[in-house]
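Chemist: Compute the structure for the input listed below.
(2 chains)
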Amino acid sequence: MLILARKAEEEIRIGDNIVVKVLGIHNGQVKLGIDAPRDMRVVRGELYRDIKQANVEASQADRDAAARAAAGLKRPTSS
Amino acid sequence: MKFTNRQFGELEFEESHVVTFPDGLIGFERFRKFLIVDDEATEPFRWLVSVEDGGLSFPLLDPALLLPGYAADAATGGGKTVFVVATLRGATGGSTVNLRSPLVIDNTARTARQVVLDDEGLPLQFPLAPASPAPAGR
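Modeler: Residues are numbered from 1 along each chain as shown, chains lettered A, B, ... in the order given. Purely as a prediction, here's the structure:
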């Protein structure tokens, strides 16, 4: 892993069109500004992990489970 | 062309029906080529079926069935279809859809992405059905 020390207001450039700028550092939290092409996914690590987990669970579905869930969707909700 | 899927058996398809995810799905970046398969047995769920891995498929729902107006921004530009990925749990209830990162398909280019919407209020696990009421006594 490349390790670079940066101060507030300083940037890192990745390739031709990605800029990561340190906007500020307060109470152990670093605020970053990121400029990247729109079609490039920029996402917090925790959210990436959670979405991956959701995808992994989704991929385990089979047609029987889907048929049951579909029946549940169609059943009129009574109260 | 033909391939075999664990759930659907042998599927025959035209190359022009393939939807390409240049970045794959999140956590499944290696798999790029999918078909969207309608399935009478599971309707309204459709399936995103990998052409490259016969064991890989994801159940999809049209979000308009759940939330009119959902992710209108994601579909701007027209010619796009938005699906949400469903996680199915148990016989009844417990199933959810991921509203935070839907699939956006460009119908003309036949390309798609799993986007991450900016709205942090959108749940990764949105219940498909309201919690079923306690069984009523008789």
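Chemist: Only C-alpha atoms from now on, for both contacts and neighbour counts.
Modeler: OK.
Chemist: shaky segments in chain B?
Modeler: B:74-75, B:77, B:91-93, B:130-138 (pLDDT under 70).
Chemist: Spell out which parts of it neighbour chain A.
Modeler: Within chain B, the positions near chain A by C-alpha under 8 Å from any C-alpha of the partner chain are B:7, B:25-28, B:41-45, B:56-59, B:85-93, B:95, B:98, B:101, B:115-116, B:124, B:128-129, B:133.
Chemist: May I see the PyMOL selection of the buried members of those residues?
Modeler: This is how PyMOL selects the buried members of the residues of chain B next to chain A, with burial counted by 16 or more other C-alpha atoms under 10 Å in any protein chain shown:
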select buried, chain B and resi 25+26+27+42+43+44+45+56+57+58+59+85+86+87+88+89+92+93+95+98+101+115+116+124+128+129
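Chemist: Identify those among the residues of chain B next to chain A that sit within strands.
Modeler: Under the assignment DSSP state E, those contribute B:S57, B:F58, B:P59, B:V85, B:A86, B:T87, B:N98, B:S101 to strands.
Chemist: May I ask you to confirm that the third one is in contact with B:A86?
Modeler: It refers to B:P59. Yes: contact criterion C-alpha atoms under 8 Å: B:P59 and B:A86 qualify, at 5.5 Å.
Chemist: Now do the contacts for A:A61.
Modeler: A:A61 makes contact with B:S57, B:F58, B:P59, B:T87, B:L88, according to C-alpha atoms under 8 Å, 6 or more residues apart in numbering or on different chains.
Chemist: ok, 6 Å please
Modeler: Applying C-alpha atoms under 6 Å, 6 or more residues apart in numbering or on different chains to A:A61 gives the contacts B:L88.
Chemist: need the next SSE after whichever strand or helix holds A:E46, C-terminal direction.
Modeler: In the assignment (DSSP states H and E), A:E46 maps to helix A:45-58. Per DSSP H and E, the first helix or strand lying C-terminal to helix A:45-58 is helix A:63-74.
Chemist: which residues touch the spatially most central residue of chain B?
Modeler: Centroid-nearest residue in chain B: B:L60, 2.7 Å away (criterion: C-alpha atoms, centre = their mean). For B:L60, the contact set (C-alpha under 6 Å, 6+ apart) comprises B:F45, B:R46, B:W47, B:V84, B:V85, B:A86.
Chemist: Present those residues as JSON lines; the columns should include distance to A:S59.
Modeler: Shown next, in JSON lines, are these (distance: C-alpha to C-alpha, whole Å):
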{"residue": "B:F45", "distance to A:S59": "13"}
{"residue": "B:R46", "distance to A:S59": "13"}
{"residue": "B:W47", "distance to A:S59": "10"}
{"residue": "B:V84", "distance to A:S59": "13"}
{"residue": "B:V85", "distance to A:S59": "9"}
{"residue": "B:A86", "distance to A:S59": "9"}
